[in-house]
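Novice: Structure of the sequence below:
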Amino acid sequence: MTLARRAFLRGAAAAGVGAGLSGLAGSAAAEDAAGAVPFHGPRQAAVLAEPARHSVVAAFDVIAQDRTELTELLRALTDRARFLTSGGPPAALGITGPPADSGVLGPEVPGGALSVLVGAGATLFDERFGLAARKPPKLKPMPTFPDDALDPQWCHGDLSLVLNCAEPDTALHALRDIARATRGGMQLRWKIDGFSSPPRPSGTPRNLLGFKDGTANPEPAERDRLVWTGDGGSYQVIRLIRMLVEFWDRVSLAEQENMIGRRRDTGAPLDGEAESDAPRYGQDPVGTVVPLTSHIRLANPRTAQTDGERILRRSVNYDRGVDSNGNLDMGLVFTCYQRDLERQFETVQGRLAGEPLTDYVSPFGGGYFHLFPGVTDPADHYGRALLG
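Specialist: Predicted coordinates for the structure are as follows:
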């Protein structure tokens, strides 16, 4: 079994290298295309990209049997991600075997149409691969918070994968490609499809509660101290949050806005005029205008003491249809990035415990992961420094 799996991974990696080089040669300027996210670099640059129209957020269980197989898995995953993001014609494998590509996107994979993020969960550092001493210092399994209703089938994972693109078939194509190339080394644990709406009428996209989501993210100059870890990675939090929209839609607009702390139409704080206005909490110490229990005030009190607790949010919406009771099953795939899980996300989460909004949202899944440092060049691969 182990030999067969290793042979499969070696074959997938070899095919990936051929396809990746073909794609790079066939579209030399792919990474410079409008809107494209560079694949190579010291960090995974897709963290900084604005939410795409379509995405897939997934976690995998690693089934590689030892460290050698894990290395082959990560090489294969890197090769496929490199090719899928740079684009080009699939490798020619002859007429006797299955085609190298599903053909969903046509005879040639478009360059610059996809970005990829890959992270490692705490369970990757158990006894299987001898990596316990190399676990990122702040990485741990995501705990259950007071207002959670977590389903174990939708939680955690050895590896995380986030695919972002403009069209749904691009995400579908990439997931199929990666799953096929890595089948001997990892298998899907859970996955959810996401989407982001265009700004209406302007500014930040809205979530399915109707409010803008992602306002007041850290500015670029602040990201070195708030987002990136010293090795070029970042701690990733994924939270799958169901929104009880039928109940929310029965709440008055004034009550909705007081729970959020912003105007629904403009995204402005309740004491401001525009989405970009900073709320003036110092002039409203008892919460007369922006309630003390509002989401934005609890999440970011805007004090010198809480400045280092901010996170970079990159959330998208999801729609899974109808549940067994006939209720709409939709909500938010909340994703954020930071240097320190406890100091940032968990501290913010502690302030939000019991907020009025918890009556209308129900977190059911997700996990903590640490993004690998970037893939620096064609000879590099995800996790190379980790694996030695």
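
Novice: okay, and the helix or strand of this protein with the least pLDDT?
Specialist: Scoring the helices and strands of the chain by mean pLDDT, DSSP states H and E places helix 2-26 at the bottom, with a mean of 49.

Novice: Which helix or strand lies directly C-terminal to that one?
Specialist: Once the chain leaves helix 2-26, the next helix or strand it forms, by DSSP states H and E, is strand 54-62.

Novice: Give me the sheet partners of that next one and which way each runs.
Specialist: Sheet pairing for strand 54-62, assigned by DSSP bridges, gives strand 159-165 (antiparallel), strand 186-195 (antiparallel).

Novice: Just tell me which of these ends up closest to Asp380.
Specialist: strand 159-165 (17.3 Å; Cβ to Cβ). Where C-beta positions appear, they are placed from N, C-alpha and C, glycine not excepted.

Novice: Tell me which helix or strand comes right after the closest one.
Specialist: Assigned by DSSP H and E, the successor of strand 159-165 is helix 168-181.

Novice: give me the low-pLDDT residue ranges for this structure?
Specialist: Applying pLDDT under 70 to the chain flags the ranges 1-34.

Novice: residue boundaries of the strands in it?
Specialist: 54-62, 114-120, 159-165, 186-195, 234-243, 312-313, 316-322, 328-338, 361-371 (DSSP state E).

Novice: closest to Gly287 out of those?
Specialist: Going by Cβ to Cβ, the one of those nearest Gly287 is strand 361-371, 21.2 Å.

Novice: and that closest one with strand 328-338, angle?
Specialist: Counting by axes from the mean of the first three to the mean of the last three Cα atoms, to 10 degrees, strand 361-371 lies at 40 degrees to strand 328-338.

Novice: Identify the residue spatially nearest to Ala179, adjacent ones excluded.
Specialist: Using Cβ to Cβ, 6 or more residues apart in numbering and skipping residues adjacent in sequence, the residue nearest Ala179 is Leu188, 6.7 Å away.

Novice: wouldn't that neighbour be in contact with Ala58 here?
Specialist: Yes - at 6.2 Å, Leu188 counts as touching Ala58 under the criterion of Cβ atoms under 8 Å.

Novice: Looking only at neighbour counts, state which of these two leads.
Specialist: Ala58 (21 against 14; other Cβ atoms under 10 Å).

Novice: so Ala91 makes contact with Pro98?
Specialist: No - contact criterion Cβ under 8 Å: Ala91 and Pro98 do not qualify, at 12.0 Å.

Novice: Among the two, which residue is more densely surrounded?
Specialist: Just comparing Ala91 and Pro98: by other Cβ under 10 Å the higher neighbour count belongs to Ala91, 19 against 8.

Novice: Next one: that one relative to Leu73, how far apart?
Specialist: 19 Å (Cβ to Cβ, to the nearest Å).

Novice: Over to Pro363?
Specialist: 30 Å.

Novice: more crowded one of the two?
Specialist: Leu73 (27 against 23).

Novice: Report the contact partners of the more buried one.
Specialist: 9, 62, 64, 182, 184-186 (Cβ atoms under 8 Å, 6 or more residues apart in numbering).

Novice: Repeat that for Phe145.
Specialist: 349, 353, 363.

Novice: one more time with 7 Å
Specialist: Phe145 is in contact with 349, 353, counting by Cβ atoms under 7 Å, 6 or more residues apart in numbering.

Novice: What does it show for phi and psi?
Specialist: The phi/psi pair for Phe145 (degrees, to the nearest 10) reads phi -90, psi 160.

Novice: ok, back up a step: kindly compare burial across the strands paired with strand 54-62 and name the winner.
Specialist: Comparing those by mean neighbour count (mean count of other Cβ atoms under 10 Å), strand 159-165 comes out on top with a mean of 26.

Novice: chain center to that one: distance?
Specialist: Counting by Cα atoms, centre = their mean, to the nearest Å, strand 159-165 is centred 6 Å from the centre of its parent chain.

Novice: what residues does it touch?
Specialist: Contacts of strand 159-165 (Cβ under 7 Å, 6+ apart): 46, 49, 52, 54-60, 62, 113-121, 124, 171, 174-175, 186, 236, 238, 335, 367, 369.

Novice: Filter those down to the buried ones, ChimeraX style.
Specialist: Buried subset of the contacts of strand 159-165, written as a ChimeraX selection, criterion 16 or more other Cβ atoms under 10 Å:
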select :46,52,54,55,56,57,58,59,60,62,113,114,115,116,117,118,119,120,121,124,171,174,175,186,236,238,335,367,369
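
Novice: can you put the strands paired with strand 54-62 in TSV and add distance to Phe345?
Specialist: Below are the strands paired with strand 54-62 laid out as TSV (distance: least, Cβ to Cβ, whole Å):
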stretch	distance to Phe345
strand 159-165	15
strand 186-195	19
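
Novice: Among the ones you listed, which comes closest to Asp323?
Specialist: Closest approach to Asp323 among the strands paired with strand 54-62 (Cβ to Cβ): strand 186-195, 14.6 Å.

Novice: now what about that closest one, what contacts it?
Specialist: Strand 186-195 is contacted from outside by 53-63, 73, 153-154, 157, 159, 179, 240, 316-318, 333, 365, using Cβ under 7 Å, 6+ apart.

Novice: picking up where we left off before, okay if I get the strands of the chain as TSV plus distance to Gly35?
Specialist: Output for the strands of the chain, formatted as TSV (distance: least, Cβ to Cβ, whole Å):
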stretch	distance to Gly35
strand 54-62	14
strand 114-120	10
strand 159-165	10
strand 186-195	17
strand 234-243	22
strand 312-313	19
strand 316-322	17
strand 328-338	20
strand 361-371	21
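
Novice: These: which one's closest to Pro291?
Specialist: Closest to Pro291 of these is strand 361-371 (Cβ to Cβ; 17.4 Å).

Novice: tilt between that closest one and strand 114-120?
Specialist: Going by the same axes, to 10 degrees, strand 361-371 makes 80 degrees with strand 114-120.

Novice: What residues of strand 361-371 count as buried?
Specialist: 361-371.

Novice: per-domain residue ranges of the chain.
Specialist: Domain assignment for the chain by automatic domain parsing gives 1-26+51-97+157-195, 138-155+199-373.
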